[in-house]
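**Q** mind folding the following:
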Amino acid sequence: MSEASSNNKLVRCIFVSAAPRAVQESAIPQFLFDFRRASAEHQLTGMMLCEGRDFFQVVEGRREQIDELYKQVELDKRQHRLLKILDEDLESRDFKDMSLAYGIAGRRVFRKLDDNGEVFSKQGPVHRLPDTKTKTLMLQFAQKRWRRAESE
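**A** Take a look at the predicted model:
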């Protein structure tokens, strides 16, 4: 397969990262604006979850755009200890109806920052996903299985 056609392949990338300290809720709108702008520019779909210092991001798009976004995240001083969990080819997007959804986790429950309802509720976007690795990993993050220790 040529490099040009492999760069045009539809892929999904899931990665986790941590901020140097807990993200203040007042800083989230700017962070979200920056991430949504970058996603829109590259025609990416997906979801970003945040709790305290921890970020869990699912991004879908063309290989070239995903790789470019990942490089930008590597350079972003607001995120450290970047770890790619999954990088896979796709036939179709799981998040095709979401330009970029975003959820913030409180100490006890996840809540959505827009008016579409709860991220993890029975009617929420996560439960509407097909039963895939993406859904499993997101639910594991919600159960604190992918979060960094606060003492790190």
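**Q** as a check, name the ranges of all helices in the chain.
**A** 3-7, 28-41, 63-75, 125-128, 133-142 (DSSP state H).
**Q** report pLDDT for residue 62.
**A** What the model reports for residue 62 is a pLDDT of 94.
**Q** Provide a list of residues in contact with the closest residue in space to it that isn't next to it in sequence.
**A** With C-beta to C-beta, 6 or more residues apart in numbering as the measure, residue 8 is the residue that lies nearest to residue 62, at 5.6 Å, once sequence neighbours are left out. C-beta: built from backbone N, CA, C; applies to glycine. If a contact means C-beta atoms under 8 Å, 6 or more residues apart in numbering, then residue 8 has 62, 63, 64 as its contacts.
**Q** quick one: neighbours of the nearest residue to residue 64 once chain neighbours are set aside, just the number.
**A** Excluding its sequence neighbours, the residue lying closest to residue 64 (C-beta to C-beta, 6+ apart) is residue 7, at 4.0 Å. The local packing count at residue 7 equals 14, with neighbours defined by other C-beta atoms under 10 Å.
**Q** surely residue 21 meets residue 78?
**A** No: counting by C-beta atoms under 8 Å, residue 21 does not reach residue 78; the two are 10.2 Å apart.
**Q** neighbour-wise, which of these two wins?
**A** residue 78 (14 against 9).
**Q** what residue ranges in this structure are flagged as low confidence?
**A** Scanning the chain with the threshold set as pLDDT under 70 gives 1-6, 22-23, 25, 28, 97-132, 135, 138-152.
**Q** how near is the residue lying closest to residue 82 once chain neighbours are set aside to residue 43?
**A** Closest residue to residue 82 apart from its sequence neighbours, by C-beta to C-beta, 6+ apart: residue 17 at 4.6 Å. Summarising the geometry, the distance separating residue 17 from residue 43, computed by C-beta to C-beta, to the nearest Å, is 22 Å.
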